[in-house]
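This is a predicted model, with the sequence first.
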Amino acid sequence: MLAAFKICSGTWNELSHDAKAIRESVFIQEQHIAPEDEWDELDAVSIHFVVYEYDQAIATARLLENHSIGRVAVLETHRGLKIGQQLMQAVIDYAKHEQRPFLKLPSQVHAIGFYQALGFKQQGESYLDCGIPHMDMYMALQ
């Protein structure tokens, strides 16, 4: 039986409690990113997205004013269920509705194929961010 997934978008004030818990689990605990590297002033000015399975927050992402998507995370217990794909499609649809010209994101190298399947293209050279190999990716929307 398929669970009922709901995707909410809103401000950091509205969604921080749930988004924070997911990011702490995925980035700080799993990937060993330092808390001071995870939390920044951009949260306050971003649109946040949280996926809920019933009442449990299971995935999150944020969309910045500069059209950059970041902090995309799915709880380990819910990976492989296409939740990340649904989350990203919600962010893309939101950006299209706002008539943004493009989207960009810093992909961890292991996730490049995931973003390519959504229509993002690699841009530039790979680089290290918090000790993790990344590649910038880009999608034109108009």
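Done, it's in. Residues are numbered from 1 along each chain as shown.

only C-alpha atoms for contact and neighbour calcs from this point on.
Fine.

which SSE is residue 73 in?
Assignment of secondary structure by DSSP states H and E places residue 73 within strand 69-74.

Quick one: mean pLDDT over that strand.
Averaged over strand 69-74, pLDDT sits at 96.

residues making contact with it?
Identification of contacts with strand 69-74 by Cα atoms under 8 Å, 6 or more residues apart in numbering yields 22-23, 26-27, 58-64, 83-84, 103-106.

Pull the contacting residues for residue 43.
When contacts are counted by Cα under 8 Å, 6+ apart, residue 43 is found next to 12, 62.

Which pLDDT value goes with it?
The predicted structure lists residue 43 with a pLDDT of 97.

likewise residue 117?
Note on residue 117: pLDDT of 97.

Look up phi and psi at it.
Recorded main-chain torsions at residue 117 are phi -60, psi -20, according to degrees, to the nearest 10.

re the thing from before, what is the subsequent helix or strand relative to the strand holding residue 73?
Taking DSSP H and E as the definition, the helix or strand that follows strand 69-74 towards the C-terminus is helix 83-97.

Report all helices and strands that the helix or strand just after that following helix contacts.
Next in sequence after helix 83-97, counting helices and strands by DSSP H and E, comes strand 102-108. Using 3 or more Cα pairs under 8 Å, 6 or more residues apart in numbering; DSSP states H and E as the contact criterion, the elements in contact with strand 102-108 are strand 69-74, strand 132-140.

Could you single out the most deeply buried of the ones you listed?
Using mean count of other Cα atoms under 10 Å, the stretch among these with the largest mean neighbour count is strand 69-74, at a mean of 22.

That strand: partners in the sheet, and parallel or antiparallel?
Strands flanking strand 69-74 in the sheet, each with its direction: strand 56-63 (antiparallel) (DSSP bridges).

Many thanks, have a good one.
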